[in-house]
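1. here are the coordinates; sequence isn't available:
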């Protein structure tokens, strides 16, 4: 069960496919618009209402851009999510009643856990970001970094309480419907911690090692690669790739931007100043490009495209960050909000990106300078290739299968 944008869904198609190959029957429960992602994977699909793209493009969604700080954005998104989550409850219950075990993303964790408790079902978290408080770094949804050992943990607990607040209405309603006793706010969170509710994390320990102060039950499993089947690139894109030197990919995934026309123009100017060709993905932000040296594209499998790039410029969503690492190519992070600053900082610290260029500070000059460093200094490519080989050698699904066996 998961909710959110494409990046909150795609990794579970690969995890689900691996579970199917291991003999399990798997259903992905998420927004109806993502049904095509499981085509051919053997994974079933149960649609949820709510169109996340429409919500981000609404006046409420665009209001996120008016918050300059990660904290301000988090407060806005919590308020928006709280209004939407109740619309998904009926379908979550229906899907749960047809299941034996619930695997829950962080975006639905508190509500899914209440459903599992009410139906006396085993459950497990399958998270794409490290959410448990730790002294080692500040909460990723606040941009990462460090506020000191005490500040990091305090902020982590604060973020977890904010997540619980999203479900402050939905969880009591579900508990009442399923005959569970009412609980005080925060009780469920403390219970999950007390009983070491298992959570598998779908990122590599090479990128984020397991914090030493995490409680038992929290495991860093490794990446879950989206199911791409026999991934093929469109003929027009293949022709463009074959017509010259390796280009640079630019894409902002499911992020929306205030002025896509201006941003697109800055990106094209940056590529040309750096002497590079570009493949620019429209994404939910609506980026556009035209010319002999740039090509605009829609959705294509990153697993097939990224290995052919000289570098990847992206918003540093967890999934796109993983795809770039897997491909073994340098990155230029353009973080926009939430955990993207955290992943951007990781790429820089690992030496596979020269610097982050936050969206608010992006100009043709700043992006061109970062692109020149990423593509002309061979050290970035060498480090990216070496790290990519190690990431590809990991099997992030094996710990999930082992944990599932323990649950059942």
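-> Now that the structure is in, tell me what you want to look at. Since the model is a prediction, treat every value here as computed from it, not as a measurement.
2. can you give me the strands in the chain?
-> 27-31, 44-48, 102-104, 123-127, 199-201, 218-220, 248-251, 278-281, 294-297, 311-314, 331-333 (DSSP state E).
3. strand partners of the second one, parallel vs antiparallel please.
-> It refers to strand 44-48. According to DSSP bridges, strand 44-48 forms sheet pairs with strand 27-31 (parallel).
4. buried stuff in the partner strand?
-> For strand 27-31, the neighbour count (16 or more other C-beta atoms under 10 Å) marks 28, 29, 30, 31 as buried. Every residue, glycine included, has its C-beta placed from N, CA and C.
5. Kindly report the same for stretch 303-313.
-> Quick answer for stretch 303-313 (16+ other C-beta under 10 Å): 303, 304, 305, 306, 308, 309, 310, 311, 312, 313.
6. what about it, start to end distance?
-> For stretch 303-313, the first-to-last residue distance is 15 Å (C-alpha to C-alpha, to the nearest Å).
7. Which of the buried residues of stretch 303-313 fall within helices?
-> Under the assignment DSSP state H, the buried residues of stretch 303-313 contribute 303, 304, 305 to helices.
8. ok, so of those, who is nearest residue 218?
-> Checking these against residue 218 by C-beta to C-beta gives residue 303 as the nearest, at 27.9 Å.
9. Next one: the closest one, what pLDDT does it get?
-> The per-residue pLDDT reported for residue 303 equals 94.
10. is it true that it touches residue 228?
-> Yes: Residue 303 lies in contact with residue 228 (C-beta atoms under 8 Å); the separation is 5.1 Å.
11. which one is the residue nearest to the spatial centre of the chain nearest to, not counting chain neighbours?
-> A centroid search over the chain (C-alpha atoms, centre = their mean) returns residue 318, at 3.6 Å, as the residue closest to the centre. Excluding the flanking residues, the one nearest residue 318 by C-beta to C-beta, 6 or more residues apart in numbering is residue 128, at 4.7 Å.
12. about what we covered before: now do the contacts for the residue nearest to the centre of the chain.
-> Neighbour list for residue 318: 7, 11, 128, 129, 203, 339, 343 [criterion: C-beta atoms under 8 Å, 6 or more residues apart in numbering].
13. Compare those and tell me which has the most neighbours.
-> Ranked by the number of neighbours (other C-beta atoms under 10 Å), those place residue 343 first, at 31 neighbours.
14. Relative to residue 264, how far out is that one?
-> As judged by C-beta to C-beta, to the nearest Å, residue 343 and residue 264 stand 23 Å apart.
15. Kindly report the same for residue 240.
-> Counting by C-beta to C-beta - residue 240 and residue 264 are separated by 17 Å.
16. wait, what's in contact with the nearest residue to residue 226 once chain neighbours are set aside?
-> Closest residue to residue 226 apart from its sequence neighbours, by C-beta to C-beta, 6+ apart: residue 10 at 3.9 Å. Residues near residue 10 by C-beta under 8 Å, 6+ apart: 37, 226, 319.
17. Quick check: chain neighbours aside, which residue is closest to the first one?
-> Nearest-residue entry for residue 37: residue 13, 5.0 Å, with adjacent residues in sequence omitted and distances by C-beta to C-beta, 6+ apart.
18. The one you found touches residue 40, doesn't it?
-> No: between residue 13 and residue 40 no contact is recorded; they are 9.9 Å apart, counting by C-beta under 8 Å.
19. Give me the common contacts of these two.
-> Residues touching both residue 13 and residue 40 by C-beta under 8 Å, 6+ apart: residue 227.
20. between these two, which one's more packed in?
-> Each of residue 13 and residue 40 has its neighbours counted (other C-beta under 10 Å); residue 13 has more, 26 against 12.
21. Distance check, the residue nearest to residue 392 when sequence neighbours are not counted against residue 363.
-> Leaving aside its sequence neighbours, residue 392 sits nearest to residue 326 (C-beta to C-beta, 6+ apart; 5.9 Å). Separation of residue 326 from residue 363 (C-beta to C-beta): 30 Å.
22. More neighbours: these two, which one.
-> Of the pair residue 326 and residue 363, residue 326 is the one with more neighbours under other C-beta under 10 Å, namely 21 against 12.
23. What's the per-residue pLDDT of the residue nearest to residue 37 here?
-> 97.
24. before we move on, what about residue 74?
-> Here the pLDDT value assigned to residue 74 is 58.
25. and if you look at residue 259?
-> Residue 259 is given a pLDDT of 87.
26. repeat for residue 25
-> Looking at residue 25, its pLDDT is 97.
27. Just give me how far the helix ranked longest in the chain sits from the chain centre.
-> Looking across the chain with DSSP H, the single longest helix is helix 149-166. Relative to its parent chain, helix 149-166 has a centroid offset of 19 Å by C-alpha atoms, centre = their mean, to the nearest Å.
28. buried residues in stretch 135-153?
-> Applying 16+ other C-beta under 10 Å to stretch 135-153 flags 136, 137, 138, 139, 140, 141, 142, 143, 144, 152, 153 as buried.
29. Switch those over to TSV; also include pLDDT.
-> What follows is these, written out as TSV (pLDDT from 0 to 100):
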residue	pLDDT
136	95
137	95
138	93
139	92
140	93
141	87
142	86
143	80
144	71
152	93
153	93
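30. how about the helices of the stretch 251-400 of the chain, start to end?
-> Here the stretch 251-400 of the chain has its helices, by DSSP state H, counting those that start in this stretch, at 260-273, 302-305, 318-327, 340-349, 364-376, 378-392, 397-407.
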